[in-house]
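fold the stuff below for me.
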Amino acid sequence: MEQSRIAHSIGIALDRFIKNNQGQFQYASGELSQLLRDIALASKVVNREVNKAGLIDIMGALGSQNSAGDDQQKLDVLANIRFTRALTKGGEVCALISEETESYVDLNNKGKYVIAIDPLDGSSNIDVNVSIGTIFSIYRRKSPEGTPIRDEDILQKGSEQVAAGYILYGSSTMLVYTTGHGVNGFTYEPTLGEYFLSHPDQKMPEDGKIFSVNEGPAASFPASVEKYLQYCKKDGSYTARYIGSLVADFHRNMLKGGIYIYPGTAKNPQGKLRLMYECNALSFIAEQAGGLASDGKNRILDIQPKALHQRTPFYVGSKKMVEKAKSFD
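You can find the predicted model right below:
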């Protein structure tokens, strides 16, 4: 029997991949590599906790709300603690913007980076065993190291991200990230405790047949969105797929081609998704994979944030599908 049939390669480990590709990053002095490793480490801990759901008392609501007014789940708070601790110990981050805190967290004035993170997106789905995720954006601070954090460090456009990614806790756990040189996906191998490259140089299909939108409040959607949805339904070749977990919906469309839409409504004119720690990261990834991201009129990455928890309508996915959706405006 051939050796290749006995032991198939499981791919390059995340740590080695980061080191091998560090030269692509213009500030290649090791900090970003360490930062990505810190995020990967924290995600392994969160993955372990997520897999305990139902066995120990970490499911359900905590009984409080986060800064955005959403009911906090116990795992939201736990994940936030895990990532905050990992990033604090790493020493590379000066400030952390999180969905779970009202203001930014000042971690280390000597740090060179700012991180915006949704520690556990879709956590309300934990109780019913649906895939959830972590979303993160990395920015390089603008003020001198060792000085107090300024608004210019915190409120940066998505186009100024130096890296972004997400972790999907599903049937397998995946870490997908970009540093502006394409998108690569890594699958977690729990017996070895390592992420291995499984989806190199990911490309989002230019077109697709999946539309992902919560049609519950459709009566108050903008006319352009209603028209686009009617177009998809009348065509007959499109299919609706909506998980209700942003990372999971995005990841499926990333692989198969599709569009995710969370528009503004009469109740929430700016939609419900947050620009800084949800939309910017996924928009950066989408564009690096050949897709598009818009608020319906403007490129998401060009929006200048004015507040940490700013919301925005969100259209993201395959290039031709996003362009078609925008054409109904």
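
quick check: beta-bridge partners of the closest residue to residue 14 other than its chain neighbours?
Leaving aside its chain neighbours, residue 14 sits nearest to residue 195 (3.9 Å; criterion: CB to CB, 6 or more residues apart in numbering). All C-beta atoms are positioned from the backbone trio N, CA, C, and that covers glycine. Bridge pairing for residue 195 (DSSP bridges) gives the partners residue 188.

so residue 195 sits right up against residue 41, yeah?
No - between residue 195 and residue 41 there is no contact under CB atoms under 8 Å: 10.3 Å.

spatially central residue in the protein, please.
The centroid of the chain falls nearest to residue 135 when counting by CA atoms, centre = their mean (3.0 Å).

how far away is it from residue 91?
Distance of residue 135 to residue 91, computed by CB to CB, to the nearest Å: 23 Å.

flag the shaky bits of this protein, pLDDT-wise.
1-10, 25-29, 53-72 (pLDDT under 70).

quickly list the domain ranges of it.
11-199, 210-326 (automatic domain parsing).

what distance separates the start and the end of the shortest one?
What that stands for is domain 210-326. Using CA to CA, to the nearest Å, the end-to-end distance of domain 210-326 comes to 16 Å.

again, but for the first one
Distance between the boundary residues of domain 11-199 (CA to CA) amounts to 10 Å.

any idea how far it is from the chain center?
9 Å (CA atoms, centre = their mean, to the nearest Å).

same check on stretch 188-200?
Remark: stretch 188-200 is offset 19 Å from the chain centroid, using CA atoms, centre = their mean.

quick one: end-to-end length of that stretch, please.
Length of stretch 188-200, first residue to last, CA to CA: 14 Å.

got the contact list for it?
Residues outside stretch 188-200 that contact it (CB atoms under 8 Å, 6 or more residues apart in numbering) are 10-15, 17, 40, 44, 47, 172-176, 184-187.

neighbours around residue 91, how many?
16 (other CB atoms under 10 Å).

skipping adjacent residues, who's closest to it in space?
Leaving aside its sequence neighbours, residue 91 sits nearest to residue 108 (CB to CB, 6+ apart; 5.8 Å).

same check on residue 171?
Distances taken as CB to CB, 6+ apart put residue 131 closest to residue 171, at 7.6 Å, once the chain neighbours are dropped.

next one: the one you found from residue 100, what distance?
For residue 131 relative to residue 100 (CB to CB), the value is 20 Å.

quick one, helices of the stretch 151-300 of the chain?
151-154, 223-235, 246-256, 280-288 (DSSP state H, counting those that start in this stretch).

turn these into TSV, including mean neighbour count.
Shown next, in TSV, are the helices of the stretch 151-300 of the chain (neighbours: other CB atoms under 10 Å):
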stretch	mean neighbour count
helix 151-154	16
helix 223-235	15
helix 246-256	23
helix 280-288	27
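
wait, what's in contact with residue 20?
Neighbouring residues of residue 20 by CB under 8 Å, 6+ apart: residue 12.

how far away is it from residue 287?
With CB to CB as the criterion, residue 20 and residue 287 are 24 Å apart.

then residue 136?
17 Å.

likewise residue 105?
28 Å.

just residue 38 next, same as before
25 Å.

what kind of secondary structure is the residue nearest to the centre of the chain in?
Per DSSP: H, G, I helix; E, B strand; the rest coil, the local secondary structure of residue 135 is strand.

correct me if wrong: it contacts residue 246.
Yes - here residue 135 lies in contact with residue 246, judged by CB under 8 Å, at a distance of 7.4 Å.

show me the common contact partners of those two, please.
121, 278, 282.

closest to residue 208 among those residues?
Taking CB to CB as the measure, residue 208 sits nearest to residue 282 out of the shared contacts of residue 135 and residue 246, at 15.8 Å.

ok, now which ones touch that closest one?
Applying CB under 8 Å, 6+ apart, the residues near residue 282 are 135, 164, 166, 246, 250, 293, 316.

let's see that with 7 Å instead.
Taking CB atoms under 7 Å, 6 or more residues apart in numbering, we find residue 282 in contact with 135, 166, 250, 293, 316.

again with residue 115
Residue 115 neighbours (CB under 7 Å, 6+ apart): 87, 93, 96-97, 136-138.

just residue 45 next, same as before
Counting by CB under 7 Å, 6+ apart, residue 45 touches residue 82.

may I see the buried residues of the helix or strand it falls within?
Element membership for residue 45 (DSSP states H and E) is helix 31-50. Buried residues in helix 31-50, counting neighbours by 16 or more other CB atoms under 10 Å, are found at 31-33, 35-47, 49-50.
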